[in-house]
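Participant: below is the structure, and that's it, no one-letter string:
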């Protein structure tokens, strides 16, 4: 087993746990007839896209031989922070409990948006700190920086219309990130 396979396996476990939490949560919301929220839905989609896009982005390290403790921990750290975003985004609910996602977003949105701020900041720092030859860390960090700015705007914006617009832009950006990273996977 190569160093990459070992580290990618660990990243995949964290990704799988976050993905399982999101999928099970969405199924429970559907099963219990939740009142939907556009803002929460867009944040959920964007987080899903970031989760899969970030997992796929690790493929660029397939030929990397140098897996320092710093590189492992910084990459693992920002993926764990994304797991936290995923868990905060899905409401805890009892069986057959109706959840109002509009009210949930109003009450808990700042928590998962704030957690996303931490994730974006850690992603920027990890990208900049582990800049390799041929690795475009500034470009990758600029995408995370735009997401960080959008997150700050969403965190402080109280207008439903403005927050929805910012979240829509963020979801489109996350979708582009997902497509850009998954199209390079082999096979």
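Facilitator: That came in fine, so what should we check first? No experiment lies behind these values; they were computed from the predicted model shown.
Participant: list the contacts of the least confident helix or strand in the chain by mean pLDDT.
Facilitator: Least confident helix or strand of the chain, by mean pLDDT, DSSP states H and E, is helix 137-156 with a mean of 86. Applying Cβ atoms under 8 Å, 6 or more residues apart in numbering, the external contacts of helix 137-156 come out as 50, 57, 110, 113-114, 116-117, 120-121, 123-124, 127-128, 130-131, 162-163, 166-167, 169-170, 173-174, 177. (Glycine included, C-beta is placed from N, CA and C.)
Participant: in helices only, show me these.
Facilitator: If you go by DSSP state H, the contacts of helix 137-156 have 50, 57, 110, 113-114, 116-117, 120-121, 123-124, 127-128, 162-163, 166-167, 169-170, 173-174, 177 in helices.
Participant: any idea how far the nearest residue to residue 118 once chain neighbours are set aside lies from residue 87?
Facilitator: Excluding its sequence neighbours, the residue lying closest to residue 118 (Cβ to Cβ, 6 or more residues apart in numbering) is residue 81, at 5.3 Å. Going from residue 81 to residue 87 by Cβ to Cβ, to the nearest Å gives 11 Å.
Participant: show me which of the two is the more surrounded one.
Facilitator: Comparing residue 81 with residue 87 by other Cβ atoms under 10 Å, the one with more neighbours is residue 81, at 18 against 15.
Participant: element containing that one?
Facilitator: Under the criterion of DSSP states H and E, residue 81 resides in helix 69-89.
Participant: between that helix and helix 137-156, how big is the angle?
Facilitator: 30 degrees (axes from the mean of the first three to the mean of the last three Cα atoms, to 10 degrees).
Participant: now, of the ones in helices among the contacts of helix 137-156, which are buried?
Facilitator: Burial by neighbour count, judged by 16 or more other Cβ atoms under 10 Å, picks out 50, 57, 113-114, 116-117, 120-121, 123-124, 127, 163, 166-167, 169-170, 173-174, 177 from the ones in helices among the contacts of helix 137-156.
Participant: in the least confident helix or strand of the chain, what's buried?
Facilitator: 140, 141, 143, 144, 145, 147, 148, 150, 151, 153, 154.
Participant: likewise stretch 72-91?
Facilitator: Within stretch 72-91, judged by 16+ other Cβ under 10 Å, the buried ones are 74-75, 77-86, 88-91.
Participant: so for it, mean pLDDT?
Facilitator: Across stretch 72-91, pLDDT averages out at 94.
Participant: and for stretch 102-121?
Facilitator: For stretch 102-121, the mean pLDDT works out to 95.
Participant: and residue 30, how many residues sit next to it?
Facilitator: That count, for residue 30 with other Cβ under 10 Å as the rule, works out to 10.
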